[in-house]
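Engineer: Have a look; sequence and predicted model below, questions after that.
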Amino acid sequence: MQMLNARLNHDGTFQPPVKRTRGGGPYHEVMFAKHPVAEIASLFADPARVAMLMDLLDGGSRPAGELAREAAVSPQAASAHLAKLVEAGLVMRSQQGRHRYFRLASPEVGVALEALAATARPAPRELVAKPVDEAGMLRFARTCYDHLAGVLGVRVATAMEKNDLIEPQGQNFSLTPRGEQWFKERGYDVAAARSQRRQFARRCLDWTERHHHIGGAVGAMLLGHFLRYGWMVRCTGTRALRVTARGERELERFLQS
């Protein structure tokens, strides 16, 4: 007879499954190695840790105290949560004087968060907990790590596909020759972006719109372009982006071209 079990520890992690076998004597327990996906999933299972990770989803750095307030936990509890996230490679820690700052370790962590949020019902806490006006801004235009997301992010992706600048290719987008020329004409080094140790143009599922926006190196170049030329600006203390008067004119032409 064989049995498999797993126990949830007090700290929110799972004890690996145990295989018990009967061989004419007492049961022998053989511990299976913890699967890395289960280990990471257990870190996402805590609401406080998720709140802190979502607060870092704009790609910026935050001090531990600010993350503790966002997660509504004590500084001591926040430190314990952050230590686990750092150890797992989800978050990176840096020291500036007496203060410690934390940020997501890679764009892939942001992709994983957005993918999980896209499956959530009802809407993720980040949106539900915001005032109506801020929630509307987050839904319309926000950063997803280092690229554009929300209603506007999806509309930009749709327009670029319609105008033959990008095309779907499995789980990613690819730049068409016309798309490569569009970026080159604006001074972007497409070859350098393609050689980065990250996905080039990911089809990133938007967690509010349930459609794809553009992630990866291409998404980062695109958001950088919009910010650099003043089409939109970051809103302090939130991932929301505000479209400027100039941006309204330029984006209207961009989306309808």
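Structural biologist: That came through fine. Fair warning: this is a prediction, and the values are worked out from it, not measured in the lab.

Engineer: Every contact and neighbour count from this point should use C-alpha atoms.
Structural biologist: OK.

Engineer: For this structure, which segments are assigned as strands?
Structural biologist: Remark: strands assigned in the chain by DSSP state E are 2-8, 14-21, 28-31, 62-63, 91-96, 99-104, 142-144, 147-149, 166-169, 172-175, 203-205, 212-214, 232-234, 241-243.

Engineer: just checking, what packs against the fifth one?
Structural biologist: Pointing back at strand 91-96 there. With contacts taken as 3 or more C-alpha pairs under 8 Å, 6 or more residues apart in numbering; DSSP states H and E, strand 91-96 sits against helix 75-87, strand 99-104.

Engineer: Kindly report the same for the shortest one.
Structural biologist: Taking 3+ C-alpha pairs under 8 Å, 6+ apart as the contact definition, the neighbouring helices and strands of strand 62-63 are strand 99-104.

Engineer: Can you name every helix or strand that the strand it packs on contacts?
Structural biologist: Contacts defined by 3+ C-alpha pairs under 8 Å, 6+ apart place strand 99-104 against strand 62-63, helix 64-71, strand 91-96.

Engineer: can we see that at 7 Å?
Structural biologist: strand 62-63, strand 91-96 (3 or more C-alpha pairs under 7 Å, 6 or more residues apart in numbering; DSSP states H and E).

Engineer: circling back to that earlier point, minimum distance to residue 93: which of the helices and strands packed on strand 91-96 has it?
Structural biologist: Proximity to residue 93 (C-alpha to C-alpha) singles out strand 99-104 among those, at 4.6 Å.

Engineer: Distance from the chain centre to the closest one, please.
Structural biologist: Relative to its chain's centre, strand 99-104 lies at 16 Å (C-alpha atoms, centre = their mean, to the nearest Å).

Engineer: same deal with stretch 45-60?
Structural biologist: 9 Å.

Engineer: ok so, going back, from the helices and strands packed on strand 99-104, which stretch is densest packed?
Structural biologist: strand 62-63 (a mean of 17; mean count of other C-alpha atoms under 10 Å).

Engineer: who does it pair up with?
Structural biologist: Its sheet considered, strand 62-63 pairs with strand 99-104 (antiparallel) by DSSP bridges.

Engineer: now the helices and strands packed on strand 91-96 as CSV including mean neighbour count and mean pLDDT?
Structural biologist: Converted to CSV, the helices and strands packed on strand 91-96 look like this (neighbours: other C-alpha atoms under 10 Å; pLDDT from 0 to 100):
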stretch, mean neighbour count, mean pLDDT
helix 75-87, 16, 92
strand 99-104, 19, 88
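
Engineer: Many thanks, I have nothing further to ask.
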